[in-house]
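[1] structure, please.
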Amino acid sequence: MMQIQNRLAGFYFFYYAIVGTFMPYWSLYLEDQGFSYAEIGYLASVAIITRFFAPFIWGWIADKSGKRMLLVRIATWVEAFIWLIIFIIPNDFQSIALLMLIFSFFQNAILAQFEGVTLFWLGDKRAELYGKVRQWGSIGFIVAVFGIGALLDFIHIQHLPILLLCIALLAFIWSFSIQEPTHAPSAQKKLESIWPILKHPVVSAFFCIELILLFSHAPFYSFYSNYLQLYGFSTTIIGGLWAIGVIAEIIMFACAKFFFGRWGIRTLVSCCLILTAIRWIVVGLFADSFIAQALAQCIHAFSFGLFHLIAMRIIFHYFSQQQQGRAQALYSTMWGIGVALGSILAGQYWQVLGGEIIFIIAGFATLLGLLWVRRLPQHLSVIKKD
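    From the prediction side, this is the model:
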């Protein structure tokens, strides 16, 4: 078990190293290439928009074929190839948009299916071991965001795709160390429908809350680095602030038992929503304060870390093993819809309202999720599937 844990942890490390290189610095790269804030907002949404449909395609293929790791390898190779092509295609809006569309389509095959692979490999010990394995993704993010941020103080941002290419190749190579889970469902001739599960009040409420929560994250994912740069922060400091959030996430993965052992699901989700609202309001009100931004980033432990762990518990509780590929895909899709819509709106109004107002609006929008919290149970163990 320890060997497979290390291999799973290693892939999370490389995958999130790609995310840690792409997410904080891609918008800076686009700005350097001459794109406007509105265009960056659209490109950010394009990079996410395939989550409207791609996760279901990959989830259907995964549940139908049972070949989850094969899909992960194919997608990781294509992801590396994309960063090579960027040096060949014209550097205009249409070309970059097409590139982001392809990149996003294949990237969506990776995490959703690899989450399923991990949960299947961990088996009955998933509640105990998942956080310990998953935290290596957060470590990979931190190493990348710190390392790349410091590196970009010495080399030009135009070299970012080369760095992404190298890390993606490492992820592709590492993927061959992980085999298909031995206890995962194999190929299915007829797929078990997930629609009855989606109609369950708890499941539908949870996905509505996820959509709202991720909608509020859009200005952060798409413009936070540009926002900080506008106030004079260097790429090293920007990378450090991103890393603080992920360090907080790692701490949450390590001590989540404390929260799950004392409070119920409904209480914890409410806490995630309220703290996330406070986070965005602080980001908007204290834009030039490093201390305020650092404290706001610490809330990432709840905005993402704790909420993600709750999501994994709900998905594995309500969906059967034969439905896990599509269930993880749906979770990914809600993420994509929320961030894509939020990125388009933030990009359109960024120069009109200013980043400060956009983040404050995002904070108040988060609180809308509280409308669905009352439909969540306190304890999943006492809830029966339909």
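
[2] switch to C-alpha atoms for all contacts and neighbour counts from now on
    Fine.

[3] show me where the stretch 1-150 of the chain has helices.
    For the stretch 1-150 of the chain, helices defined by DSSP state H, counting those that start in this stretch occupy the ranges 2-32, 37-49, 54-65, 68-85, 93-107, 111-122, 126-151.

[4] CA atoms of the third one as PDB?
    Listed in PDB are the C-alpha atoms of helix 54-65, where the atom choice follows Å, rounded to 0.1, in the frame of the first residue of the first chain:
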ATOM      1  CA  ALA A  54     -15.800  17.300 -21.600                       C
ATOM      2  CA  PRO A  55     -15.900  15.700 -18.100                       C
ATOM      3  CA  PHE A  56     -19.100  13.800 -19.100                       C
ATOM      4  CA  ILE A  57     -17.400  12.500 -22.300                       C
ATOM      5  CA  TRP A  58     -14.300  11.400 -20.300                       C
ATOM      6  CA  GLY A  59     -16.400  10.100 -17.500                       C
ATOM      7  CA  TRP A  60     -18.600   8.100 -19.800                       C
ATOM      8  CA  ILE A  61     -15.500   6.600 -21.600                       C
ATOM      9  CA  ALA A  62     -13.900   5.800 -18.200                       C
ATOM     10  CA  ASP A  63     -17.000   4.100 -16.800                       C
ATOM     11  CA  LYS A  64     -17.600   2.300 -20.100                       C
ATOM     12  CA  SER A  65     -14.000   1.100 -20.700                       C
END
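
[5] what angle separates it from helix 68-85?
    Going by axes from the mean of the first three to the mean of the last three CA atoms, to 10 degrees, helix 54-65 is angled at 140 degrees with respect to helix 68-85.

[6] now do the longest one
    If you take the same axes, to 10 degrees, helix 2-32 sits at 30 degrees to helix 68-85.

[7] could you do the last one as well?
    Taking the same axes, to 10 degrees, one finds that helix 126-151 is oriented at 10 degrees with respect to helix 68-85.

[8] before we move on, what about the fifth one?
    Relative orientation of helix 93-107 with respect to helix 68-85: 160 degrees, computed using the same axes, to 10 degrees.

[9] check contacts around residue 164.
    With contacts defined as CA atoms under 8 Å, 6 or more residues apart in numbering, residue 164 is in contact with 18, 21, 22, 80, 83.

[10] any idea how far the first one lies from residue 329?
    By that I understand residue 18. 20 Å (CA to CA, to the nearest Å).

[11] one more: the last one?
    Computed with CA to CA, the distance linking residue 83 and residue 329 is 24 Å.

[12] neighbour-wise, which of these two wins?
    residue 329 (28 against 20; other CA atoms under 10 Å).

[13] do a quick rundown of the helices in the stretch 151-300 of the chain.
    160-175, 195-198, 201-230, 235-262, 265-285, 290-298, 300.

[14] so for the longest one, mean pLDDT?
    Confidence over helix 201-230 (mean pLDDT, whole number) is 93.

[15] and if you look at the last one?
    Model confidence over helix 300 averages 95 on the pLDDT scale.

[16] residues contacting residue 236?
    Per CA under 8 Å, 6+ apart, neighbours of residue 236: 146, 149, 150, 152, 153.

[17] how about the closest residue to the last one other than its chain neighbours, what does it touch?
    What it means is residue 153. Among residues not flanking residue 153 along the chain, residue 235 sits closest, at 6.4 Å (CA to CA, 6 or more residues apart in numbering). The contact partners of residue 235, taken as CA under 8 Å, 6+ apart, are 149, 150, 152, 153, 229.

[18] quick check: angle from the helix-or-strand element of the chain with minimal mean pLDDT to helix 111-122?
    In the chain, no helix or strand scores lower on mean pLDDT, DSSP states H and E than helix 54-65, which sits at a mean of 76. Taking the same axes, to 10 degrees, one finds helix 54-65 and helix 111-122 inclined to each other by 40 degrees.

[19] so how far is helix 54-65 off the chain centroid?
    Centroid displacement of helix 54-65 relative to its chain, using CA atoms, centre = their mean, to the nearest Å, is 19 Å.

[20] by contact count, what packs against that helix?
    helix 68-85, helix 111-122, helix 324-353 (3 or more CA pairs under 8 Å, 6 or more residues apart in numbering; DSSP states H and E).

[21] what do you get if the cut-off is 10 Å, keeping everything else the same?
    helix 68-85, helix 93-107, helix 111-122, helix 324-353 (3 or more CA pairs under 10 Å, 6 or more residues apart in numbering; DSSP states H and E).

[22] now tabulate the ones you listed in TSV and tack on mean pLDDT and distance to residue 31.
    Rendered in TSV, the data for the helices and strands packed on helix 54-65 read as follows (pLDDT from 0 to 100; distance: least, CA to CA, whole Å):
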stretch	mean pLDDT	distance to residue 31
helix 68-85	90	18
helix 93-107	87	12
helix 111-122	81	28
helix 324-353	85	13
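
[23] minimum distance to residue 8: which of those helices has it?
    Smallest distance to residue 8 across the helices and strands packed on helix 54-65 (CA to CA): 6.7 Å, for helix 111-122.
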